[in-house]
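Asks: need a structure here:
(4 chains)
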There are 2 protein chains.
Amino acid sequence: MAARPAPEKNCEHIDPRVEALVTDLIGRVADKWTMILLEILEEKGTQRFTQIARAVPDISQKMLTQTLRRMERDGMLTRTVHPVVPPRVDYALTPLGETLSEAFCGVWMWAEANLERVEHAREEFDARQVAV
Amino acid sequence: MAARPAPEKNCEHIDPRVEALVTDLIGRVADKWTMILLEILEEKGTQRFTQIARAVPDISQKMLTQTLRRMERDGMLTRTVHPVVPPRVDYALTPLGETLSEAFCGVWMWAEANLERVEHAREEFDARQVAV
DNA sequence: GTGATCACTCTCTTTTAGGTAAGTATAAAT
DNA sequence: ATTTATACTTACCTAAAAGAGAGTGATCAC
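Replies: Below you'll find the predicted structure:
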């Protein structure tokens, strides 16, 4: 490996049917809460409902349930109900969920690395708008 | 910046303030239309308004304008107005936009690679639900 | 018997996203 | 004189997403 051969740019989508399906899947998966839950489960491993709720303080119960359920349906995580009282439900990423979490890692890192650049761009844009 | 050999896995967020900002940025950026426009501009280079509209047939004028404007504000792309009649406006990714496009590349590839797995998971889940 | 715990579900209301359609300015072509 | 083209903006409307808050069922501690 000599002069760094550019990090994979072959993002080509040939088949429009595949592209439509991929776009649809992206639409479901590239969602704020999904990304956050993915990250928490990746980071902390198996968690139960209230643990996740505490880790993401500004998510409503409704959104948490909804997002977890959709992720379960999509095969991102497993939901294990222990028939005890009070109830205990464990959530854990599947291998599929782990790979998605890794795929999003690049976006998290981009966001972290470029926060200031984006802030700066916004300020400049807004200043320009006011000026005109 | 040193060359990065392998996609790193250390997606740790320490500072909660940074995390909040990053989450917010992700929320703005991880949007269906943004991702699609990013990809089109990356693939085809500088494009004008109607060219993009034709490339994304199911986007409305309103959404296209809105998304382009937000992306301009966030520093993803430049908007160049040529004072001619009829008007001509060119859109091109900035280096910042290009890096984001690359970051999303991993997610596109994940989606393409795992479409069937997700489909399968959904079928199984739905079957389970009906059974219960 | 009262209250706490857990993981929800249900209902109601507000907020946001997004679509449709019309209007605008200008000059060149017909 | 009318039409065409471009890149929008504005107003209006509907549907979907999201938030708030109450309720549930079972068991145990007090």
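
Asks: which residues in chain A form helices?
Replies: Ranges of helices within chain A are A:16-29, A:32-44, A:49-55, A:61-73, A:95-131, based on DSSP state H.

Asks: Could you list the low-pLDDT ranges of chain A?
Replies: A:1-16, A:131-132 (pLDDT under 70).

Asks: hang on, the earlier thing: go through the helices of chain A and pick out the most buried.
Replies: Comparing these by mean neighbour count (mean count of other CB atoms under 10 Å in any protein chain shown), helix A:32-44 comes out on top with a mean of 20. Yep, even glycine has a C-beta here, placed from its N, CA and C like the rest.

Asks: Could you confirm whether it reaches chain B?
Replies: Yes. Using CB under 8 Å from any CB of the partner chain, helix A:32-44 reaches chain B at A:K32, A:M35, A:I36, A:E39, A:E42, A:E43.

Asks: Serialize these to TSV and add fields for distance to A:L115.
Replies: As requested, the residues of helix A:32-44 next to chain B are exported to TSV (distance: CB to CB, whole Å):
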residue	distance to A:L115
A:K32	16
A:M35	16
A:I36	17
A:E39	17
A:E42	21
A:E43	20
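
Asks: right, and out of those residues, which lies closest to DNA strand C?
Replies: A:K32 (10.8 Å; CB to the nearest atom of the strand).

Asks: Wait, that closest one touches B:A30, no?
Replies: Yes. Applying CB atoms under 8 Å, one finds A:K32 in contact with B:A30, separated by 6.8 Å.

Asks: thinking again about what came up before, ok, which of the residues of helix A:32-44 next to chain B also contact DNA strand D?
Replies: With CB under 7 Å from any atom of the strand as the criterion, the residues of helix A:32-44 next to chain B include A:K32 near DNA strand D.

Asks: which one of the residues of helix A:32-44 next to chain B is nearest chain B?
Replies: A:K32 (4.5 Å; CB to the nearest CB).

Asks: ok, the closest one - contacts?
Replies: B:T23, B:I26, B:G27, B:A30 (CB atoms under 8 Å, 6 or more residues apart in numbering or on different chains).
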